[in-house]
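Participant: predicted coordinates and the sequence they were generated for:
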Amino acid sequence: MNALKRHRLLTQIWASDPGWKRCFTTVSHTDLGRMFLAAAFFFFAVGGVLAMLIRAQLASPHAAFMGPDIYNQVFTMHGTMMMFLFAIPAFEGLAVYLLPKMLGARDLAFPRLTAYGFWCYAFGGSMMLISMLVGLAPDGGWFMYPPLTGAAASPGINTDVWLLGVTFVEISAICAAVELCVSILKFRAPGMSLDKMPIFAWYALVTALMILTGFPPLILGSILLELERAFGLPFFDTALGGDSLLWQHLFWLFGHPEVYIIFLPAAGLISTIIPVMSRTPLLAYGWVVASIVALAFLSFGLWVHHMFATGIPHMGVAFFSAASTLVAVPTAVQVFAWIGTMWQGRPQLHMPMLYILGFFATFVIGGLTGVMLAIVPFDWQAHDTAFVTAHLHYVLFGGFVFPVLAGLYYYAPLVTGRRRFFRIGEYAFALVFIGFHGTFLAMHWVGLLGQRRRIYTYDADMGWGVINLISSVGSFVLAIGLAMVLLDLALNAYVAIRGKRNPWRAGTLEWSMMLPPSTYNFPSLPRVTSREPLIETPDLPTRLARGVGYLAVPRDNRREMLTVSTTRAEPESLVIYPGNTALPMCMAAVTGSFFLSLLFKVYWFTPFAVIGVIALAWRWVWGLGSRTDEADQNIGFGETVPHATQTNRSQGWWGSAFLMIADATLFGSLIFGYAFLWTIAPNWPPPQWLAFTLWEPLIGVAAAGLAFFAARQSPGCIRQETCKTEGTTRRWFPWRLSPQLALVGLSTLAVIFVNLLWRAPSPTEHAYGAVLCVISAYGLFHVLLAILMLVFFIFRIRHGFISTRRRAEVEIVRLWIDYAVLIGLVSLMLILSPVLFT
Ligand code: HEM
Ligand SMILES: [Cu+2]
């Protein structure tokens, strides 16, 4: 097969639908990455307009531009949009777009999941945008502290918009994180062992893992606060055994890692761009990887520094203060690696490099004011002043927006396939840089003079007027600069001349592609032998086009990709991707109706939405797999691998495992909340503990054991007929019954949880009852989920999708049963054991 024929065939196999349908049915990571980025920058623009409104109001004392109510909504929505609708999705967009291209893959692990995540984000974001247009936007500040956001102080639906909207959007972050983890670990070019991965992949992997462990506390917090607001479960009400500080802990358990979730991808771009611009490999790759991992770990131990002013015990304060200064170390390792790389090479001052220099100047100041704030006596003075707001913008703008702009300029030739021609960018950079520092240096200053954050106006005799005016003028300069950046990028994207391949002479795989990239990324998959394949083999693009690589011969009109072993990246299995479909968008719409029904309190509709989601999910997975065993497939170079459905650890198994990390973190946060209330909240112990019974734990353990062992059967040999035809030997257990036996075990467990819910003390009278209610509901939810999967599985067996060889689904269902069993047992213990201690 010649290169042209291969190109035509692959293009046809991988193409998205033509015309307007494309946008709704595409599952291509190239399309979705661009859609993510476009939406993220749209929200950046909206958030920017809100920032201008804030600065217009604060420009002079007693400005009458906005009243306090609107001002509250405006700054809340500004913070919320920038954090949840711009920064995180911008990372997702970058990663979704770039990673397969960098890793030498044809797409991400779960193309439809990418689409579902995108639509959840798009719908959730629109929901919040619309709330703002009709004047019902959240107004409690971006961290939504109760009791200010409780039902008494905030009776409208504004706060609910935030709690439900952000949770809805968060689904997309979790989807993307699962997706990225599996893609990075399993969907790389053969030979690309972990230490040969492009550095950006490391950053993305750690960021994704942090999303999986960072977001669940916030999701939990939002659920609890919504339960309190809607149904009166008093988690945050001190009078009834709750504690408003619990929210602060849950929020900052998320909030501090969030800062690193935003910073790390940006740092990944810097680590990618600096070596290329300096024409030398990144210095100390291993150290940089180690420092990313260290940063991730440390960042989970810092959340309390946002709460220094809440009266935390002294020991705690000292500990968290020390830990907060410690994060400077891994950050410094990276900064030194960057400086060293530039020192070693010959840096060239192209546009991306300009923004990176801007980043250095800004981020270092932000880091230093951060260390100042980590010192507790200083924090007590500066807390909740404009100094803090200025600090956070130095880190967020300096640490995220500057690098992302560098990244946009760096990758624009790849995405658009055009050469930079118009030169507005340099002037734009000057305005952005001057405008930014004008705005926020002034805010440091006025903050130290005592101006609090989130105030809509101030008296003239405070003497803040001139400084605020400087800040506001600066912000308008900044806005003009940013608008010019957009203009520059747009002009260069649409009207500039065609560029040639690899304009920066970079070494990583994404630059081996045609410009703009084809629908299938790689005509054949390279075998990677170094960290910079393009430097080692400059003619790699032609070789791949000629078919010197894996999967060079398109088969049966199917979208094919390889999975590899995690560390050494040897080919493991062949994956067939699903084609274009509107299913993800429909499912996101139904998910949205679920959230809307909660928002407008039309609770009778909620079950229908749940059933809708289940039905669509069922359809979603039903289409996977095949009804016949297939022989191992030839993938080129004389190697053969089995189909992924005929392995124990398919991508679905890995996806489930990563999802469970998030799920378990949510459960862990719930346990944390329970322990926190019990030990810290006033008004404990509750008026009455739940009475202990012996039969619940006994039957519970027996049922869990039954489910567990019934799920431990030899895969495939689940149906007597298949067993006979395949000649598999019987096991000691009555294997024929195993899915059914597991069903019996899980159903018994479900009954126990229903009973616990039934007899738990009233959830509205004391936080104890409320916590029991949530823990039982959590246990019940997972048991029901496992039951649903078992039922699905039994249908799959009936329809011949499972055999001794096609066993991937057996492993996935088993994983979820095991998880349900574990959660079931732990929940039972949590619910029943306290009585024994007291
Ligand atoms: C485009 C330039 C920007 C300007 C001029 C700007 C301006 C401001 C101002 C003046 C405030 C303080 C409001 C008050 O306390 O009364 C604020 C708050 C905030 N900004 Fe920005 N900002 C910008 C970009 C960003 C970016 C890129 C992010 C994050 C990625 C961000 C995140 C936040 C957050 C989290 C708050 C706190 C909101 C709250 O107190 O609830 N901002 N911004
Ligand atoms: Cu922090």
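Facilitator: That came through fine. Being a predicted model, the structure only gives us computed values, none of them experimental. Numbers count the residues shown, from 1 in each chain. Ligands and ions are numbered 1, 2, ... in the order given.

Participant: what's the closest non-adjacent residue to residue 366?
Facilitator: Spatial nearest neighbour of residue 366, excluding adjacent residues (C-beta to C-beta, 6 or more residues apart in numbering): residue 394 at 3.0 Å. (C-beta placed from N, C-alpha, C; glycine too.)

Participant: and that neighbour, that's in a strand?
Facilitator: No. Using DSSP: H, G, I helix; E, B strand; the rest coil, the assignment for residue 394 is helix, not a strand.

Participant: from residue 576, how far out is it?
Facilitator: Going from residue 394 to residue 576 by C-beta to C-beta, to the nearest Å gives 48 Å.

Participant: with residue 683 instead?
Facilitator: From residue 683 across to residue 576, the span is 58 Å (C-beta to C-beta).

Participant: with adjacent residues omitted, what lies nearest to the residue of the stretch 651-800 of the chain found nearest ligand 1?
Facilitator: Using C-beta to the nearest ligand atom, the closest approach of the stretch 651-800 of the chain to ligand 1 is made by residue 669 at 21.8 Å. Of all residues not flanking residue 669 in the chain, residue 217 sits nearest, at 4.3 Å (C-beta to C-beta, 6+ apart).

Participant: that neighbour belongs to a helix?
Facilitator: Yes. Applying three-state DSSP, one finds residue 217 inside a helix.

Participant: tell me who's in contact with it.
Facilitator: 250-251, 253-254, 665-666, 669 (C-beta atoms under 8 Å, 6 or more residues apart in numbering).

Participant: buried subset of those?
Facilitator: For the contacts of residue 217, a burial check counting by 16 or more other C-beta atoms under 10 Å picks out 250-251, 253-254, 665-666, 669.

Participant: how about stretch 484-501 and ligand 1, any contact?
Facilitator: No. Between stretch 484-501 and ligand 1, judged by C-beta under 6 Å from any ligand atom, nothing touches; the nearest distance is 11.5 Å.

Participant: go through stretch 98-116 and flag the buried ones.
Facilitator: By neighbour count with 16+ other C-beta under 10 Å, stretch 98-116 contains the buried residues 98-116.

Participant: equivalent analysis for stretch 746-758, please.
Facilitator: For stretch 746-758, the neighbour count (16+ other C-beta under 10 Å) marks 746-750, 752-753, 756-757 as buried.

Participant: which one is the residue in the stretch 451-600 of the chain that ligand 1 sits nearest to nearest to, not counting chain neighbours?
Facilitator: At 3.5 Å from ligand 1, residue 453 is the closest residue in the stretch 451-600 of the chain, using C-beta to the nearest ligand atom. Of all residues not flanking residue 453 in the chain, residue 389 sits nearest, at 4.8 Å (C-beta to C-beta, 6+ apart).

Participant: just the contacts of residue 217 now: which is nearest residue 134?
Facilitator: residue 251 (26.4 Å; C-beta to C-beta).

Participant: mean confidence (pLDDT) on the strand or helix carrying that closest one, please.
Facilitator: Using DSSP states H and E, residue 251 maps to helix 244-278. Across helix 244-278, pLDDT averages out at 94.

Participant: so where's the stretch 601-750 of the chain shaky on pLDDT?
Facilitator: In the predicted model of the stretch 601-750 of the chain, residues 713-737 satisfy pLDDT under 70.

Participant: now do the strands in it.
Facilitator: Taking DSSP state E, counting those that start in this stretch as the criterion, the stretch 601-750 of the chain contains strands spanning 633-636, 639-641.

Participant: can you name the residue of the protein nearest ligand 1?
Facilitator: Counting by C-beta to the nearest ligand atom, the chain gets nearest ligand 1 through residue 79, at 2.8 Å.

Participant: could you count how many residues lie near that residue?
Facilitator: By other C-beta atoms under 10 Å, 21 other residues sit near residue 79.

Participant: swap in residue 61?
Facilitator: Neighbour count of residue 61, defined by other C-beta under 10 Å: 16.

Participant: state the phi and psi torsions of it.
Facilitator: Main-chain torsions, residue 61, degrees, to the nearest 10: phi -60, psi 150.

Participant: residue 51 contacts residue 472, doesn't it?
Facilitator: No. The pair residue 51 and residue 472 does not pass the contact test of C-beta atoms under 8 Å, sitting 10.3 Å apart.

Participant: not counting its neighbours along the chain, what's nearest residue 97?
Facilitator: Of all residues not flanking residue 97 in the chain, residue 33 sits nearest, at 2.6 Å (C-beta to C-beta, 6+ apart).

Participant: name the SS class of residue 515, please.
Facilitator: Relying on three-state DSSP, one would call residue 515 coil.

Participant: which element, helix or strand, includes the residue nearest the centre of the chain?
Facilitator: Geometric centre of the chain, nearest residue: residue 173, 2.9 Å, by C-alpha atoms, centre = their mean. Per DSSP H and E, residue 173 falls inside helix 158-186.

Participant: and the angle from that helix to helix 244-278?
Facilitator: Angle of helix 158-186 versus helix 244-278, following axes from the mean of the first three to the mean of the last three C-alpha atoms, to 10 degrees, is 40 degrees.

Participant: up against ligand 1, what does the stretch 251-400 of the chain have?
Facilitator: Contact residues (C-beta under 6 Å from any ligand atom) of the stretch 251-400 of the chain with ligand 1: 389, 393, 396-397, 400.

Participant: could you export these as JSON lines, including distance to residue 512?
Facilitator: Formatted as JSON lines, these follow (distance: C-beta to C-beta, whole Å):
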{"residue": "389", "distance to residue 512": "44"}
{"residue": "393", "distance to residue 512": "38"}
{"residue": "396", "distance to residue 512": "34"}
{"residue": "397", "distance to residue 512": "34"}
{"residue": "400", "distance to residue 512": "28"}
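
Participant: if you rank the residues you listed by neighbours, which is first?
Facilitator: In terms of neighbours by other C-beta under 10 Å, those top out with residue 400 at 25 neighbours.

Participant: how about the residues of the chain by ligand 1?
Facilitator: Applying C-beta under 6 Å from any ligand atom, one finds that the chain approaches ligand 1 through 48, 51, 54-55, 75-76, 78-79, 82-83, 87, 141-142, 389, 393, 396-397, 400-401, 439, 453-454, 475, 478.

Participant: quick check on these: which are buried?
Facilitator: Neighbour-count burial (16+ other C-beta under 10 Å) applied to the residues of the chain next to ligand 1 gives 48, 51, 54-55, 75-76, 78-79, 82-83, 87, 141-142, 389, 393, 396-397, 400-401, 439, 453, 475, 478.

Participant: can you tell me which of these are in helices?
Facilitator: Mapping these onto helices (DSSP state H) picks out 48, 51, 54-55, 75-76, 78-79, 389, 393, 396, 439, 475, 478.

Participant: determine which two of these are furthest apart.
Facilitator: Pairwise across these, and taking C-beta to C-beta, the largest span is found between 76 and 478, at 21.0 Å.

Participant: so how far is residue 451 from the nearest residue to residue 60 once chain neighbours are set aside?
Facilitator: Nearest residue to residue 60, sequence neighbours excluded (C-beta to C-beta, 6+ apart): residue 465, at 6.1 Å. Residue 465 sits at a distance of 11 Å from residue 451 (criterion: C-beta to C-beta).
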